[in-house]
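>>> build me a structure from this.
(one chain, ligands or ions: 1)
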Amino acid sequence: NGAAGRLRLPPGPWRLPVIGNLHQIAMGGPLVHRTMADLARRHDAPLMSLRLGEVPVVVASSADAAREITKTHDVAFATRPLSSTIRVMVSDGEGLVFTPYGALWRRLRKIAMLELLSARRVQSFRRVREEEVGRLVAAVAAAAAARPGEAVNLSQLIAELISDTAARTIIGDRFEKRQELLEGLTEGIRISSGFSLGDLFPSSRLANLIGGTTRRAEANHRKNLALIECALRQHEERRAAGDEEDDEDLVDVLLRVQKEGGGEVPLTMGNVKVVIREMFGAGSETSANTLQWLMSELILNPRVMSKAQVELSDTLRGKQTVTEDDLAGLKYLKLIIKENLRLHPVVPLLLPRECQKTCKVMMYDVPVGTTVLVNVWSINRDPKYWEDPETFKPERFEDGHIDFKGTDFEFIPFGAGRRMCPGITFAEAIMELALASLLYHFDWKLLGNGISSTKLDMTEELGATVRRKNDLYLVPTIRVPLPADS
Ligand code: HEM
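A predicted model of the protein is given here:
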């Protein structure tokens with residue numbers, strides 16, 4: 001149209017009629033972050049225009065472009081596009097992750113920052129984390145003793161650790177349909193990740209008819225919400241009977257905040273249910289996949305693994321188990337976590353933003369309604385910011401100048417600005433304790449004597465987050481045995 005004609009859009013690859021750039025994206029295979037990084041490089045476009053079907057998309061692939069989107073024009077990009085499956089999932093009330101920027105989002109964000117995910121709240125779940133990590137270590141130790149030299153499926157053990165810890169912190173230990181809920185939520189994530197035809201061609205009734213995804217999302221959503229309602233009823237009953245535990249779980253906190261009322265916008269039970277579902281969704285796969293990449297990188301980099309183990313031995317001085325009191329002293333371990341988030345940002349394009357108001361970014365116009373992605377995967381490997389970018393070298397963070405807290409735009413694996421991840425403290429707590437314990441108690445090797453660690457397959461798979469395509473199987477050998485009574 002005329003107005004768009006006067007705009008100066010960012011450069012991008014040539015387009016076909018109707019499908020736009022879908023063919024280039026499809027030809028690049030399922031790892032869209034890599035394809036987009038490649039296209040941006042080839043077109044010398046740190047800010048790049050694409051059209052995916054009918055949807056206009058802009059991808060930011062440099063620290064400057066990321067800064068303009070998440071800082072300079074933060075408000076203009078502080079809302080998110082809603083896919084057809086996401087629409088189903090927020091049909092009874094909105095949560096935090098996809099809620100449009102506005103009064104309700106502000107209220108929920110404040111509750112998340114001050115009540116659900118604050119440092120104090122994270123601290124209150126310390127016992128849960130120590131028990132669950134203790135169980136993981138005991139399971140590995142039992143396998144190592146019963147079947148020496150055999151590999152364990154570390155991917156699965158880590159996924160179980162994270163989902164059990166999430167379930168206990170979010171919904172409490174006593175919800176007996178926990179497993180059913182976890183499975184339903186996992187299925188929901190599978191259904192809703194990726195674009196469906198109806199999202200790429202919103203004006204086409206045919207696309208909506210042949211895309212059965214929305215119907216599957218609907219059925220899954222009903223099932224999950226019924227389970228969450230059941231958990232809420234149990235919490236209410238316990239509360240009415242005065243049978244409350246000392247530590248609130250996140251459901252208790254949300255019910256309390258909801259009853260207290262106040263705030264600019266009231267919280268409905270619909271909001272409460274959706275926020276509960278989102279806490280599982282946002283917190284589980286992200287942390288589990290990050291930990292799986294961490295252990296994979298340590299196998300590929302034995303020097304780094306032994307340096308971390310030396311630090312652990314020096315810090316713990318013969319203690320029988322790792323506790324959270326020990327974590328503060330583990331400086332190198334924290335550098336490893338940073339370096340791993342650089343090479344494996346599990347949300348590689350951040351969560352999509354939508355432009356609310358046409359604005360100028362890097363001298364180009366980004367029109368209202370554009371979906372905006374920030375390719376942190378590409379920025380994190382750009383030789384412009386990183387020396388030897390493909391090498392896993394935790395020491396690069398030693399001087400402490402660069403952190404992932406949203407102010408160093410060459411390194412924003414948790415995003416930046418108003419929509420930045422509010423769960424960093426939550427994620428760090430479990431990842432640090434789990435990693436420290438796995439490295440303190442065990443040595444880890446690939447199966448087969450003398451197999452070079454470079455043989456480890458590192459193929460990625462993109463679901464809701466980037467995960468290992470194949471599970472990580474490693475052979476544990478006990479370094480520091482668990483205390484006899486555990
Ligand atoms: C390694 C772990 C994690 C990574 C890499 C990660 C990454 C991200 C990213 C990239 C975003 C989008 C930011 C943006 O648009 O700028 C996000 C949003 C979010 N994350 Fe995380 N996250 C992690 C763990 C968690 C945990 C443990 C929780 C909660 C228990 C959580 C809760 C959320 C929520 C609620 C949002 C949406 C915030 C909003 O839209 O206002 N995340 N996360």
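>>> which residues of the stretch 251-400 of the chain lie near the ligand?
Applying Cβ under 6 Å from any ligand atom, one finds that the stretch 251-400 of the chain approaches the ligand through 278, 279, 282, 283, 286, 287, 290, 346, 347, 350, 351. C-beta here means a position set from N, CA and C on the backbone, and glycine is covered the same way.
>>> also the stretch 51-200 of the chain?
Taking Cβ under 6 Å from any ligand atom as the criterion, the contact residues of the stretch 51-200 of the chain with the ligand come out as 96, 97, 109, 112, 117.
>>> the third one touches residue 421, doesn't it?
What it means is residue 109. No. In terms of Cβ atoms under 8 Å, residue 109 does not count as a neighbour of residue 421; the distance is 11.4 Å.
>>> can the residues of the stretch 51-200 of the chain next to the ligand go into TSV with extra columns for pLDDT?
Shown next, in TSV, are these (pLDDT from 0 to 100):
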residue	pLDDT
96	94
97	93
109	97
112	96
117	97
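>>> closest to residue 189 among these?
Here the nearest of these to residue 189, counting by Cβ to Cβ, is residue 97; it sits at 11.9 Å.
>>> could you pull out the buried residues of stretch 84-92?
Within stretch 84-92, the residues that qualify as buried by neighbour count (16 or more other Cβ atoms under 10 Å) are 84, 85, 86, 88, 89, 90.
>>> make that stretch 137-145, sorry
Of the residues in stretch 137-145, those buried by neighbour count under the rule 16+ other Cβ under 10 Å are 137, 140, 141, 143, 144.
>>> what's the helix or strand residue 237 falls within packed up against?
Secondary structure assignment for residue 237, by DSSP states H and E: helix 213-240. The contact analysis (3 or more Cβ pairs under 8 Å, 6 or more residues apart in numbering; DSSP states H and E) places helix 213-240 against helix 84-89, helix 178-192, helix 250-260, helix 269-300.
>>> try 6 Å
Applying 3 or more Cβ pairs under 6 Å, 6 or more residues apart in numbering; DSSP states H and E, one finds that helix 213-240 contacts helix 84-89, helix 178-192, helix 269-300.
>>> quick check: mean pLDDT across the shortest one?
Model confidence over helix 84-89 averages 83 on the pLDDT scale.
>>> show me what it is packed up against.
Using 3+ Cβ pairs under 6 Å, 6+ apart: helix 84-89 touches helix 213-240.
>>> if we use 8 Å, what do you get?
The criterion is 3+ Cβ pairs under 8 Å, 6+ apart, and the helices and strands that helix 84-89 contacts are helix 178-192, helix 213-240.
>>> so which bits of the following helix or strand past that helix are buried?
Sequence order places helix 103-111 as the next helix or strand after helix 84-89, per DSSP H and E. The neighbour-count check on helix 103-111 (16+ other Cβ under 10 Å) flags 104, 105, 107, 108, 109, 111 as buried.
>>> same check on stretch 321-338?
If you call a residue buried by 16+ other Cβ under 10 Å, then stretch 321-338 has these buried ones: 321-324, 326-327, 330, 332-338.
>>> residue contacts, residue 33?
348, 349, 375, 377, 378, 462, 466 (Cβ atoms under 8 Å, 6 or more residues apart in numbering).
>>> of the residues you listed, which belong to helices?
Judged by DSSP state H, the subset of the contacts of residue 33 located in helices is 377, 378.
>>> so which of the residues of the stretch 251-400 of the chain next to the ligand wins on neighbours?
residue 287 (27 neighbours; other Cβ atoms under 10 Å).
>>> pretty sure that residue contacts residue 429?
No. Because the distance of 9.6 Å does not satisfy Cβ under 8 Å, residue 287 is recorded as not touching residue 429.
>>> can you list contacts of stretch 472-482?
Outside of stretch 472-482, the residues that reach it under the criterion Cβ under 8 Å, 6+ apart are 137-138, 140-141, 143-145, 148-155, 292, 295-296, 299, 309, 320-321, 440-447.
>>> repeat that for stretch 169-178.
Under Cβ under 8 Å, 6+ apart, the answer for stretch 169-178 is 125, 128, 167, 181, 227, 230-231, 234-235, 245, 249-252, 276, 279-280.
>>> closest to residue 365 among the buried residues of helix 103-111?
residue 105 (25.9 Å).
>>> and the residue lying closest to that closest one once chain neighbours are set aside, backbone torsions?
Nearest residue to residue 105, sequence neighbours excluded (Cβ to Cβ, 6 or more residues apart in numbering): residue 99, at 4.3 Å. In this entry, residue 99 is assigned phi and psi values of phi -60, psi 140 (degrees, to the nearest 10).
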